[in-house]
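>>> Attaching a predicted model along with its sequence, questions to come.
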Amino acid sequence: MLYTNYERQVEQHLRGAFDVAWNSPLAWLQAEAAARAAGRTARAIAMRDTDQDLRSLLVVRSASAIRALEDLRGKTIGVGAGDSPQATLIPLQHLAERGLEAGRDFRVQRFDVLVGKHGDHVGGERDAARALMAGEVDAACMIDGNHLVFTNEGTLPRGATRVLDATALYDHCNFTVLDGAPERAVARLQELLLGMRYEDPAVRPLLDLEGLKAWRPARTSGYALLERACARTGELASFVQRVTRARRS
Amino acid sequence: MNDARGGERAIDLEALDLDRGAALLLRAALLPLAPGEKLYVRGSAPALAHHLRAWARAEGHGFAELASRAGDERSAAPPAVAVLTRGTAPDARWAGAERAGGASPAQAVAEAPARWGLAARGAAVEAGSPEIRFALSRRDELWTDDAPELYRQAAAAQWDPERAIPWHAPRTHPDLVEEALVQVLTYLIENETAALLVPVRFCAQIHPQFREIQQLLAIQAADEARHIEVFSRRARAARTELGLSTSGGQASLKTLLDEPDFALASFLLSVLGEGSFVHLLGFLHVHAPDETTRVLMHLVAQDEVRHVAFGMSHLERHVRHDPTLLARLRLAVERRHEALRHTAGLNAEVFDALVILAAGELSPLAIERGYAAVSGLVEQMDAGRRARLRRLGFDERDAAALSGLHTRNFM
Ligand SMILES: [Fe+2]
Ligand SMILES: [Fe+2]
């Protein structure tokens, strides 16, 4: 089943519309929190090798006078979609933990592309990068890999940007199941995923398409930074409230 | 650029970052390592560590950033930024790769599989590449060992119509001879068009394993395109209108286009049709009313000789590997004869035009001479067809019978 936004997917997951969800990191936290509120448990069963150990970068123009985080005071930072973990939530949390509060210490300019997709669309990050080069923002947030992509494709001219700071490492998407899912089918799915070999020409195009070389057993240790971001903004609590209210009605 | 320190491999990227091609050096340095072995990466590019992490993650290599950024005091080398652990993906992609035959023509395989697709003969083909079906994928139905040499000759013999033909040579012949020539050229153009379309169609069906055959058919098509051009240009030299195209002539050519079998089509087109045309072009060379026509007929005939040589060469080989082919060739001639039984074949206007070209004028004496020349041409064509049929393996009687059944349209 394909949902147009993660909120609806998580909601339907809790209602039992399906057994396994491919969740963004935010959707994973939402599923976990909503499940807990309902006295249930969520579990991550697999993730891509490329979902592990990501970093977001705060990028400025090379010639910029911004040399340290403190220099960001009073400046404008370009971020991705409002619900993008990598381009918005995590970088803003990173800054908050260093004493820089969005709205109070610096302005935030959002580049919202497809809200509800949790930043899956790279467009928001690219728009922020373009705005950086156009001088519309003083810094922009993006995943480490996208900084390389944007430089290689020319969105960011080579040598025109400088990495001001980097967040801690974090993880990205996972396959999520809730308690009560058919155990044998879930185990079989996990076995099949982990058994997909890049050597196998039948599955290699699928792996290439999804941008991975191998599936890994999921870990949930890589979501702490995002969890703190959600706790600070009250994002999860309000989501749980919405879902609970929807279920009662 | 690589150095080993205490058994550890290291690479110094200097100021090069991954947005300027450093991946190429990294791949080259990682390739000889065994999966699990480490590569220390030095470099001074400011964002190198961030880019390395992203690159390694995407490529399936392990990555660890090195905390100490202090350089080696005794050398100018920048400090190691990170250590990569070689993953298995680079080899995994090529684990099931297969060679698409050998590089040399002698190594073309007996049957080329669809899974090799468009790969060059001799290339290593990644497993799981898309299957591309080519109707002509068996060596014995199209190959000739002469193909590389025939192609070499064809490529060397290409001529530039602009420079090779004296377009401005004087024309002193009477109008009626010019009119006859334009009629013959009109007929030649439609025959050349058929001779262009047939190889083009089969060229698209040939497995790239047999690239020399593709090349030959492609250059043959280019020859025919040039023939169409020079005949058209000469036809319009003094006239604004071309001659007649008859239903009988087109019916004959349509049977060539309709033949779906490569061996049968090239037998009908090259061995019988183009073979006959070589004589016709020789006749037009001798009886050309001007230098322009004389030269261009000669050049076109030279090309046609090669087309016939290729048809003969692969059919002779084909018959050696499959003697039952002779019976199918015979059937093809008989079938075509049957299909054309009620058509006129060569139109009377073309025949008369050939007579006038050989006569040069309309006096009875000249026409008698011209008629005799055209009769001689028809006999030459028949003798040539019989000789080629004999070479393919038909006996004297069959060769004579089949030559007699060949289309009256010549092609
Ligand atoms: Fe021709
Ligand atoms: Fe030809």
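Alright, I've got the coordinates. Numbers count the residues shown, from 1 in each chain, chains lettered A, B, ... in the order given. Ligands and ions are numbered 1, 2, ... in the order given.
>>> What sits closest to the residue of the stretch 51-200 of chain B found nearest chain A if chain neighbours are left out?
Minimum separation of the stretch 51-200 of chain B from chain A (C-beta to the nearest C-beta) falls at B:Gly128, amounting to 2.6 Å. C-beta here means a position set from N, CA and C on the backbone, and glycine is covered the same way. Of all residues not flanking B:Gly128 in the chain, A:Pro201 sits nearest, at 2.6 Å (C-beta to C-beta, 6 or more residues apart in numbering or on different chains).
>>> any idea how far ligand 2 is from that neighbour?
43 Å (C-beta to the ion, to the nearest Å).
>>> tally of neighbours for that residue?
A:Pro201 has 18 neighbours, counted by other C-beta atoms under 10 Å in any protein chain shown.
>>> neighbours of the residue in chain B that ligand 2 sits nearest to, just the number please.
Using C-beta to the ion, the point where chain B gets nearest to ligand 2 is B:His307, with a distance of 3.8 Å. B:His307 sits with 28 neighbouring residues when counted by other C-beta under 10 Å.
>>> how about it, secondary structure?
helix (DSSP: H, G, I helix; E, B strand; the rest coil).
>>> My guess is it contacts B:Glu274. True?
Yes. In this structure, B:His307 is within contact of B:Glu274 by C-beta atoms under 8 Å, at 4.8 Å.
>>> Need the overlap of contacts for these two.
Common contact partners of B:His307 and B:Glu274 (C-beta atoms under 8 Å, 6 or more residues apart in numbering or on different chains): B:Ala195.
>>> Now do the SS call for A:Phe18.
Going by three-state DSSP: A:Phe18 is coil.
>>> My understanding was that it contacts A:Leu2; is that so?
No. In this structure, A:Phe18 is not within contact of A:Leu2 by C-beta under 8 Å, at 10.6 Å.
>>> neighbour-wise, which of the two wins?
Each of A:Phe18 and A:Leu2 has its neighbours counted (other C-beta under 10 Å); A:Phe18 has more, 13 against 4.
>>> wait, what's in contact with the residue nearest to the more buried one when sequence neighbours are not counted?
Spatially, and ignoring its direct neighbours in sequence, A:Phe18 is nearest to A:Met1 (5.5 Å; C-beta to C-beta, 6+ apart). Shown in contact with A:Met1 (C-beta under 8 Å, 6+ apart): A:Gln12, A:Ala17, A:Phe18.
>>> re earlier: pLDDT value on the residue of chain B closest to ligand 2, please?
According to the prediction, B:His307 has pLDDT 98.
>>> same question, B:Pro78
Reported pLDDT for B:Pro78: 68.
>>> do B:Arg69 as well
At B:Arg69, pLDDT is 52.
>>> In contact with the most centrally placed residue in chain A, which residues?
The residue lying closest to the centre of chain A (C-alpha atoms, centre = their mean) is A:Pro85, at 3.4 Å. Contacts for A:Pro85 were tallied using C-beta under 8 Å, 6+ apart; they are A:Ser24, A:Pro25, A:Leu26, A:His118, A:Gly119, A:Tyr170, A:His172, A:Leu226, A:Ala229.
>>> Tell me how far it lies from B:Arg239.
Separation of A:Pro85 from B:Arg239 (C-beta to C-beta, to the nearest Å): 78 Å.
>>> measure stretch B:110-127 end to end?
Across stretch B:110-127, the terminal residues are separated by 20 Å (C-alpha to C-alpha, to the nearest Å).
>>> Same question for that stretch: list its buried residues.
B:Ala112, B:Pro113, B:Arg115, B:Trp116, B:Gly117, B:Ala119, B:Arg121, B:Ala123, B:Val125, B:Glu126, B:Ala127 (16 or more other C-beta atoms under 10 Å in any protein chain shown).
>>> show me what contacts the last one?
Residues in contact with B:Ala127, defined by C-beta under 8 Å, 6+ apart, are A:Pro201, B:Ala95, B:Gly96, B:Ala97, B:Glu98.
>>> mind redoing it with 6 Å?
Neighbouring residues of B:Ala127 by C-beta atoms under 6 Å, 6 or more residues apart in numbering or on different chains: A:Pro201, B:Gly96.
>>> The first one too?
B:Ala112 sits next to B:Ser137, B:His207, B:Gln209 when contact means C-beta under 6 Å, 6+ apart.
>>> Just the buried residues out of these, in PyMOL syntax.
This is the PyMOL syntax for the buried subset of these, where burial follows 16+ other C-beta under 10 Å:
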select buried, chain B and resi 137+207+209
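>>> Ligand 1: which of the contacts of B:Ala112 is nearest?
B:His207 (25.8 Å).
>>> Would you mind confirming that that closest one is in contact with B:Ser137?
Yes. Between B:His207 and B:Ser137 there is a contact under C-beta atoms under 6 Å: 4.0 Å.
>>> what about the stretch 1-150 of chain B, any weak spots by pLDDT?
B:1-7, B:68-78 (pLDDT under 70).
>>> B:His285 and B:His298 touch, don't they?
Yes. At 5.0 Å, B:His285 and B:His298 qualify as touching, with contact defined as C-beta under 6 Å.
>>> just the strands in chain A please.
A:20-23, A:42-48, A:56-61, A:76-79, A:107-110, A:139-143, A:161-166, A:174-178, A:215-217 (DSSP state E).
>>> No more questions from me, cheers.
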